[in-house]
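1. Here is a sequence together with a model predicted from it:
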Amino acid sequence: MAFFRGLTAVSRLRSRMDLKSQLRELIPEQQDRLKKLKSEHGKVQLGNITVDMVLGGMRGIIGMLWETSLVDPEEGIRFRGLSIPECRKVLPTAVEGGEPLPEGLLWLLLTGKVPTKDQVDALSKELLARSTVPAHVYKVIDALPVTAHPMTQFTAGIMALQVESEFQKAYGNGLPKSKLWEPTYEDCLNLIARLPPVASYVYRRIFKDGKSIEADDSLDYAANLSHMLGFDDPRMLELMRLHVTIHADHEGGNISSHTGHLVGSALSDPYLSFASSVNGLAGPLHGLANQEALLWLKSIIQETGSDVTTDQLKDYVWKTLKSGKVVHGFGHGVLRRTDPRYLCQREFALKYLPEDPLFQLLSKLYEVVPPILTELGKVKNPWPNVDAHSGLLLNHFGLSETRYHTVLFGVSRSMGVGSQLIWDRALGLPLERPKSVTMEWLENYCKNKAA
């Protein structure tokens, strides 16, 4: 009997450590919470929508539920209520005093709870066990010209994974709507697990003569991504842990997150939903900005030399702006202060690469660009954002192929989009269908309002 009691205790312990079991406990409570919110406060007005908001990309319109993170204009991103500095303090790490493990952030995004190191280690092993990529996925990628953009090849790989969708099978078999979150969970965990081998295959195919590298069973999620890319410097492993963590989510209004939510609201499976996210991420005004920021830094050095003066920098910034271009890496649609993601990357750079010429140049630009953008008068936030630093750091450790950098952003963003999609299904969120109007409608409305 003692033996069986011991097995039961172990089973209960595993249940508490298992991520899906925790979700099964949390979901009914959150479903009731949403019903209460609708019934008690559904008619509460959230402010007035202006014509500027309609014409300006819906900026500032509150119109989406996104549980996993929230961006405060002054404080920056909070993952389930925790700021980036707080996450770096409380989330488990691979090395003492190191950067947080992305698996820990995934747990936090899904449950709202800070996981233990044992829970994170168990999740790392689960993701590794799910990470086998079917052979047909690589064949689909290989069918593309090797010159195809890395994001094109990455998206093709995600779409090829879609034939494995558990959600598609379950929906086709008539699974009740209340249980659709479960196959969504399976798809999202499988997708997150398989993105590093797909992403690294794309990199090695384009830039390393197609010589791929197998995963290392002893490594965590982000470290394995770095290893399969071909970078095993311990500092690069730490950078990849930081990179994946801070790029994972940024509330629901950005293009990649919003697109995934929009497509998912049609009950498209997670692979279709996330492929749409990646396509949005590939735009130069979103994820591709990290590439543009690094290229802009390099162009400064090419034109002025490494010993650039403050006056030369000012002239170059004004030259960029007057040519009709933007200064990539500065400004943000929501934030009104320096992006905390920039600050934690700057802290990393000061620790590991203080003498890097590009980092020193960016440090000078931190003092030069904001006053110029403020003087210009068109930018509400002149401060640097996450894109200013991310490409620079990858470049320092040898991942200098700027065309590829956004793929790593995509791997990271899967955790935020996937976590929210699971909760979209669990809460039964409806099809997204905002109302659009014509310019004539707006003109007539404004005339009637004035009258």
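-> Ah, there it is.

2. mind exporting stretch 29-44 as PDB, just the C-alpha atoms?
-> Extracted in PDB, the C-alpha atoms of stretch 29-44 (Å, rounded to 0.1, in the frame of the first residue of the first chain):
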ATOM      1  CA  GLU A  29     -12.700  30.800 -13.200                       C
ATOM      2  CA  GLN A  30     -11.700  33.100 -16.000                       C
ATOM      3  CA  GLN A  31     -14.700  32.100 -18.100                       C
ATOM      4  CA  ASP A  32     -17.000  33.200 -15.200                       C
ATOM      5  CA  ARG A  33     -15.000  36.400 -14.700                       C
ATOM      6  CA  LEU A  34     -15.600  37.300 -18.400                       C
ATOM      7  CA  LYS A  35     -19.300  36.600 -18.100                       C
ATOM      8  CA  LYS A  36     -19.600  38.800 -15.100                       C
ATOM      9  CA  LEU A  37     -17.700  41.600 -16.800                       C
ATOM     10  CA  LYS A  38     -20.000  41.500 -19.700                       C
ATOM     11  CA  SER A  39     -23.200  41.400 -17.700                       C
ATOM     12  CA  GLU A  40     -22.300  44.100 -15.100                       C
ATOM     13  CA  HIS A  41     -20.300  46.500 -17.200                       C
ATOM     14  CA  GLY A  42     -21.000  45.700 -20.900                       C
ATOM     15  CA  LYS A  43     -22.600  49.100 -21.500                       C
ATOM     16  CA  VAL A  44     -19.900  51.200 -19.900                       C
END
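
3. Quick check: buried residues in it?
-> Going by neighbour count (16 or more other CB atoms under 10 Å), the buried part of stretch 29-44 is residue 34. Using the backbone N, CA and C atoms, a C-beta is placed for each residue, glycine as well.

4. Name the residues that touch it?
-> Stretch 29-44 is contacted from outside by 67, 423, 426-428, using CB atoms under 8 Å, 6 or more residues apart in numbering.

5. That one: how far from the chain's middle?
-> Relative to the centre of its chain, stretch 29-44 is centred 28 Å away, using CA atoms, centre = their mean, to the nearest Å.

6. what pLDDT, on average, does that stretch get?
-> Across stretch 29-44, the average pLDDT comes to 88.

7. Same check on stretch 182-191?
-> 98.

8. which outside residues touch that stretch?
-> With CB under 8 Å, 6+ apart, stretch 182-191 has contacts from 20, 23, 126-127, 130, 158, 161, 164-167, 169-171, 175, 269-271, 274, 414, 418-419, 421-422, 425.

9. on that earlier part again, just curious, which of the contacts of stretch 29-44 is nearest to residue 98?
-> Nearest to residue 98 among those: residue 67, at 28.1 Å, using CB to CB.

10. gap between the closest one and residue 299?
-> According to CB to CB, to the nearest Å, residue 67 and residue 299 sit 41 Å apart.

11. which one of the two has more residues nearby?
-> The neighbour comparison of residue 67 against residue 299 (other CB atoms under 10 Å) goes to residue 67, with 19 against 12.

12. Over to the more buried one. Which of the three states is it?
-> Following DSSP: H, G, I helix; E, B strand; the rest coil, we place residue 67 in the coil state.

13. Correct me if wrong: it contacts residue 424.
-> No. Look at residue 67 against residue 424 with CB atoms under 8 Å: they stay out of range, at 9.1 Å.

14. Can you list the helices and strands that the helix or strand hosting residue 260 packs against?
-> Taking DSSP states H and E as the criterion, residue 260 maps to helix 255-264. With contacts taken as 3 or more CB pairs under 8 Å, 6 or more residues apart in numbering; DSSP states H and E, helix 255-264 sits against helix 270-281, helix 405-427.
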